[in-house]
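Student: Return a 3D structure for these sequence lines:
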Amino acid sequence: MKRNKAMTFAGKGEAWKATYVVTHQDKVNAQHTIFQDELGGKLKLQYLGEEPLNYGKVDYRLEDMTDRFVEGEIVMGTDEARMKETKGNMDYEQLLDMMNPNKDLTIKIGWNGCSEQFTLGLPKRIRFGKSKH
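Tutor: This is a model prediction of the structure:
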């Protein structure tokens, strides 16, 4: 049996929009009742500028509240702009902790001599319509 839980952090600056999805998966072995955690995150960056980014590289650094981070670079102009040289260690368990109220992440992006920094957070609480009696 597998159980998945995902949290999506989102944010937007003047030139960039970012989402970071952290997924937690419990693998339950019914025979031995062993829980194995697989923790990880997936970053998606979207450039909002009018001129397309067809060349150069984009450097990024994503930090959590404990100053742990993931950083790397994206080489533009390739068929698949992939993240290169990703390093760091995010505190995924703290991000997935439902009792932790301060989950905001900070992303710093640098490209073509420009830079931007903004916060990624969880969506605001979902409100349900009032029930009519």
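
Student: which residue ranges form the helices in this structure?
Tutor: With DSSP state H applied, the chain shows helices at 92-96, listed in chain order.

Student: Next, name the residue at the spatial heart of it.
Tutor: By CA atoms, centre = their mean, the chain has its centre lying nearest to residue 20, at 1.8 Å.

Student: what's the spacing between the residue nearest to it when sequence neighbours are not counted and residue 57?
Tutor: With CB to CB, 6 or more residues apart in numbering as the criterion, residue 20 has its nearest non-adjacent residue at 4.5 Å, and that residue is residue 9. For every residue, glycine as well, the C-beta is placed using N, CA and C. From residue 9 over to residue 57 the distance is 24 Å, taken as CB to CB, to the nearest Å.

Student: repeat for residue 13
Tutor: Counting by CB to CB, the gap from residue 13 to residue 57 is 18 Å.

Student: so where is the chain shaky, pLDDT-wise?
Tutor: 1-4, 25-40, 78-87, 125-133 (pLDDT under 70).

Student: quick revisit: what degree of burial does the residue nearest to residue 20 show, as a neighbour count?
Tutor: The tally of other residues near residue 9 (other CB atoms under 10 Å) stands at 23.

Student: Please apply the same query to the one 10 residues further on.
Tutor: For residue 19, the count of nearby residues is 15 (other CB under 10 Å).

Student: right, and it touches residue 12 too?
Tutor: No. With contact defined as CB atoms under 8 Å, residue 19 does not reach residue 12; the gap is 9.7 Å.

Student: Go ahead and confirm residue 53 touches residue 114.
Tutor: No. At 10.5 Å, residue 53 does not count as touching residue 114 under the criterion of CB under 8 Å.

Student: give me the number of residues near residue 107?
Tutor: 24.

Student: In contact with it, which residues?
Tutor: Contacts for residue 107 (CB atoms under 8 Å, 6 or more residues apart in numbering) come out as 11, 16, 18, 20, 60-63, 117-120.
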